[in-house]
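Visitor: Mind folding the following:
(chains A, B and C)
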Amino acid sequence: MSDSGSEKAVIRLQVNGRELEGVAEPRRLLSDFIRHDLGMTGTHVGCEHGVCGACTILLDGDAVRSCLMFAVQAEGSVITTIEGLGQTRDDMDVIQRAFWESHGLQCGFCTPGMVLATKDLLERTPMPTDDQIREGLAGNMCRCTGYVFIVKAVKAAAEELNARASVDG
Amino acid sequence: MVSSVRPRLFGARVARVEDPRFLMGRAKYVDDITLPGMIHATFVRSPFAHAEITSINVADALNVKGVIGVRTGRDLEGVVKPIRCDPVPIHPTWQTSAADAIATARVRYVGEAVAMVLAEDRYIAEDGAALVEIDYDPLEAVSTIDKAISADAPLLHDGWRDNVILKTSVSGGDVDSAFAEADGIIKMKVRTNRHAAIPLETRGTVASYDPAEELLTFWTATQAPHIVRTGIADHLGMPEHRIRVISPDVGGGFGVKAHLYPEDLALAAIAVELARPIKWIEDRREHFLASTHSREHVYDMEVAYRADGLILGMKSHIYVDCGAYSVYPWTAGMEQGMAMRILPGPYRIRNFEAQAWGVVTNKSTLGPYRGVARPSACFAIERAMDRVAHAVNGDPVDVRMLNLVDGSEFPYESITGLTYDSGSFKESLQKVRENIDYDEFRLIQRDARAEGRLLGIGVACFTEQTAHTTTEFVKRAAPIIPANETVAIRMDPSGKVTVHTGAHSHGQSHETTIGQIVADKLTIPLKDVRVLFGDTQTTPYGTGTLASRTAVLSGGAAMQASGQIGERLKILGAHILEASVEDVELEEGQVRIKGAPEQNIEVAQLARFVYHRAEKLPPGFDPYLEATGAYDAFPGSGTFANASQMAIVEVDPETGGVTILRYVVVEDCGPMINPTVVEGQVQGGIAQGIGGALYEELIYDDEGQLLTTTFLDYLVPSTMEVPGIEVGHLETPSPFTIGGMKGAGEGGAIAPGAVIAAAVENAIGIANGVFVDEVPLTPERVRKLVVAAAQVRGSDR
Amino acid sequence: MKPARFRYFAPTTIEEVVSLLAEYGDESKLLAGGQSLVPLMNIRLSQPAVLIDLNRVTALDYVTKEDDRLEIGALTRHRAVAESKLVQERFPAAAQAAGHIGYPAIRNRGTIGGTLAHADPVAEMPCIAVLNDCEIVATSSSGSRTIRASDFFHGYFTTSLEPTEFVSSVRFTSRPASHGWGFSEFARKSGDFALSAAAVDVIFDGGAVTQVSIAIAGASDRPVRAPLTEAALVGTTLSRSEIEQAVSNLSSELDPPSDAHASSDFRTHLAQIMTERALLAAAQSER
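Guide: Okay, the predicted model is just below:
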């Protein structure tokens, strides 16, 4: 039997505000763990070498590639996936809504990663220029849109968020 | 006539109805499907481009805990027929290739499947795959077109005369006289390198066989579920009613998912054998190696021109690299036929001859990719236009304007036999010239040159055959003719509608645009219409979403079917309102008496009556609201969209880097159902075209090893490489189609190679013998041109 | 493909790390940001039997200064290096280079120790490391030693680290006020690996150059310095013509490899251009 016997480990983490746990052997990629063990298939896998950005999630608030982490590494961490944003039409996040209204998606495969990368970008740079938007999303490939309406969506989302912030403030 | 107060949805910038599920992460792609008892497959693939398989030892792989089985080509012999996709009728020069579902004796490209390993999960399957021992006897690889056609080339396929799978030609006019009368003749050779569609989602399948129902259910990421079903049936000898292909949400296709793959057959056969669900998700490396490739063409051309820049005649030898096999159902002839016949493009070239060779090489098989051959053909003819403009010292826009087919000439029969039904060739060029401020740019360019900055502008025009059906594909000798698309519509008792189309939508927005058409026709809100697709069990047979056909053909069929339902609603409404059918109209979701809208009945009420109050129906009125429409856009020669594209680039002469400063398009796809959707299609197509123009190239070495198997090597443009794209519209209706619609899916991708090449050439300062003749324009290629141009001018840097 | 099996350890202290290394040495790999290692593992080009994850060793995540020394802990993410005020003040070229690495999500994970130990010849931080011949601190169960960057990189993905050692920090000498610097990079596509990158560091005295260092990535199997070109620039004022003159001989000290993306000649040419641009940027600095 060629079985190296690497033990499966229990992994506890917080995903989208819920405390979850799963069991995985050390080599299991975080992307596979989220998708197939936790059943949240909104996180997509486009290359498994860290370039396409489809698997982008927020790990302790930062956008990261879930295909370049092992699930065991996420023990104790706080993760946001696309399922952590709006899950009905009425409670859609500003970014989700902006992508909808600006036709910022076509096939939808890059969209979850793109939306989460946008969230990371707008948290660090609340009023980005077009160039900053393009730099901020350079690691998220989209093969459908040509990015024009994505940039427009991010700009619209930034404006909406800033307008809300100034009202709240 | 009473005009409708309700604004039409056709033509409106409606936000997409399909978006929420994608934005919430609730879409279902094939890898999101998990079935009880599902096992996982991986393929062991050939590391050699060309080799005999001498032995396969699976014992160690089978010993891995969790490995369920290993299958090789021998296990499928007699179960799965090899894919032999020949034209019908067979062309006299055609030679037949046979692609095994899993290779049995010989491999013909790196990445060809040699064994399948099945295991409890994909990780274990890979552990098993690593232990499958395969001995090969390597053969000399044929890695280039030149090598394939050389006299002493090794043959890929036994029994062939040579490596030419198909040799075709077309000619018209009097080429010899045209050349004799010409003021000048240009000889040129241009090349487009190998590209691929590279959707962000790779291929994937979940195959499940239910022996009790004798039903194979095959979830797969395809643009053409019915074609895949027929393909499985043809090759496995299964009846189609025992096969259900479901193409769920698909993460982009662009052509590469529009046909049958060997892996499909292997997965189908083994799912039937094991009666256990099997999942296979192609990884990115496999996608580069074993999904279809496109656009590797060489054009050897001679162009005869008059002193004013009018092209008098053209001769061309075209070589297409077809990879190893003939793709089902499009055949290996798919690119050369298109290349040859669309080469004159939107230009009036009346003396023309072209010969085309499709050659097989030890590379992944040729398949469709957005634009099918036209990005290459457009590159060739537009390079010729710029050469002619340069030769006659003319302006590139003016020379094109001189050669474009005029609006008064439609329908225009091209010298290669294509019928251009309508268009705005000159108008779009004129408008794009204005939108980019062409004349002002020339001043900016001059000032920039004075500062040592190299700015350039480029232009290309094209016409794009869309929604072509029977006559066209008969001409192409396609074994399966993509004719009509069929749409079935049902109105339920609540007056809401489901639309079932045999086509697909994977980014094209058909849930919205077909919905717009149906909602308009029935005068109901868009939210009352659901467009369903992708399941062969519930949708009418269709070719699928490819070849820029769905809006026109499925849209046309939907218009017909919803019209039929509307007529039945009027019959019933007139009966209830005690009026004659001629005196009622369908407006605002009601059947009304014309001129007396207060006398009306709601569509929803009528629908309720149809299903639940049979006593209210007129005699002979069948109690259902269903209709099927089929539409083939007769005469089937296609409707031609057109566009002109221009770009301004800056070339860094030191690094060879190219930055696109502006990209401006004026396109004409006829009346637009949803202009925002059209713009998205155009921008996305241009982004892919920019990839092919500057970044993307599948590079094989002399041994046939693919060197570009990751996104670090095959460079897909990001937000930083694609500029803002300014899209302008013209709307010339087609006389051939319902609503005058034309296809819009592929157009954007056709011209960017030509546009960027022209702009780079213009920036560098065209000099004798220094022309852009190849894409992608990598920094090194651009730098070489800069150096060559400087040498011609006699100064460096 | 998917990664092969491995045994996984997640130590939380440096002591645990070195004892694991002492035990598993050769058959182990250290996992830091994982942005280079995990892609290789995912296609099984790397199949370590044991993976030692450094991410919980929080003691390795810091940027400190002491006298004229700037020390960056191995686990410091590229984003933190790029955004660190301390790095921006004391070794601005390092901050800028870190900001050039990959994409935001890559910089959120990738670490300075990881990229140095990975020793990719086209990566940014190894180039920065050799620029002023910084000290790389290698730690094992027998203690720490410092390795000069010039002795650290041995070729493609190989370093002078012993199997029982790991990079625990990197120490730069803070740049004086009268220093100039530049970093220039050319990649085929944004965020992609550089075809060529150059970093320069210049010390002026009264407007003239007294000391200059040039580091180039993409011109060899490791980041290299250009001593002849450096020497030719000493005593100049870093005028454009002096720079062009000096850089025109750079090709004599470079012999880059050819690959699918660029020929040796083109890489040489790009190295010249990047060096020239980095020098021109340095010349703009206050003196």
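Visitor: give me the element residue A:100 is part of.
Guide: Per DSSP states H and E: residue A:100 is located in helix A:94-101.
Visitor: Spit out the contact partners of residue B:107.
Guide: B:46, B:48, B:49, B:50, B:51, B:53, B:114, B:136 (C-beta atoms under 8 Å, 6 or more residues apart in numbering or on different chains). Backbone N, C-alpha and C define where each C-beta goes, glycine included.
Visitor: near chain A, anything from stretch B:18-38?
Guide: Yes. Using C-beta under 8 Å from any C-beta of the partner chain, stretch B:18-38 reaches chain A at B:18-29, B:31-32, B:34.
Visitor: Now the buried members of those.
Guide: B:18, B:19, B:20, B:22, B:23, B:24, B:25, B:26, B:27, B:29, B:31, B:32 (16 or more other C-beta atoms under 10 Å in any protein chain shown).
Visitor: In this structure the second one contacts residue A:100, no?
Guide: Yes. Counting by C-beta atoms under 8 Å, a contact exists between residue B:19 and residue A:100, whose distance comes to 4.6 Å.
Visitor: which bits of chain A sit near chain C?
Guide: Taking C-beta under 8 Å from any C-beta as the criterion, chain A approaches chain C at residues A:4, A:6, A:9, A:25-27, A:29, A:32, A:48-50, A:53, A:56, A:59, A:62-65, A:67-70, A:72-73, A:75, A:117, A:120-121, A:135-136, A:138-140.
Visitor: Narrow the residues you listed to just the buried residues.
Guide: Using 16+ other C-beta under 10 Å, the buried ones in the residues of chain A next to chain C are A:6, A:9, A:25-27, A:29, A:32, A:48-50, A:53, A:56, A:59, A:62-65, A:67-70, A:72-73, A:117, A:120-121, A:135-136, A:138-140.
Visitor: how long is stretch B:29-48 end to end?
Guide: Stretch B:29-48 has its terminal residues 32 Å apart, counting by C-alpha to C-alpha, to the nearest Å.
Visitor: that older thread, from the buried ones among the residues of chain A next to chain C, which ones fall inside strands?
Guide: A:9, A:56, A:59, A:62, A:63, A:64, A:65 (DSSP state E).
Visitor: Just flag the most distant two among the residues you listed.
Guide: Maximum pairwise distance among these (C-beta to C-beta): 25.4 Å, between A:9 and A:63.
Visitor: give me the residue from the stretch 1-150 of chain C nearest chain A.
Guide: residue C:103 (2.5 Å; C-beta to the nearest C-beta).
Visitor: I'd like to know how far that residue sits from chain B.
Guide: The gap separating residue C:103 from chain B is 8 Å, by C-beta to the nearest C-beta, to the nearest Å.
Visitor: Hmm, residue B:235 and residue B:81 touching each other?
Guide: Yes. Under the criterion of C-beta under 8 Å, residue B:81 makes contact with residue B:235 at 4.7 Å.
Visitor: still on that earlier bit, pick the one among the contacts of residue B:107 closest to residue B:406.
Guide: For the contacts of residue B:107, the nearest to residue B:406 is residue B:49 (49.4 Å; C-beta to C-beta).
Visitor: Could I get the pLDDT score of the residue of chain A at minimum distance from chain B?
Guide: Using C-beta to the nearest C-beta, the single residue of chain A nearest to chain B is residue A:42, 2.0 Å away. Looking at residue A:42, its pLDDT stands at 98.
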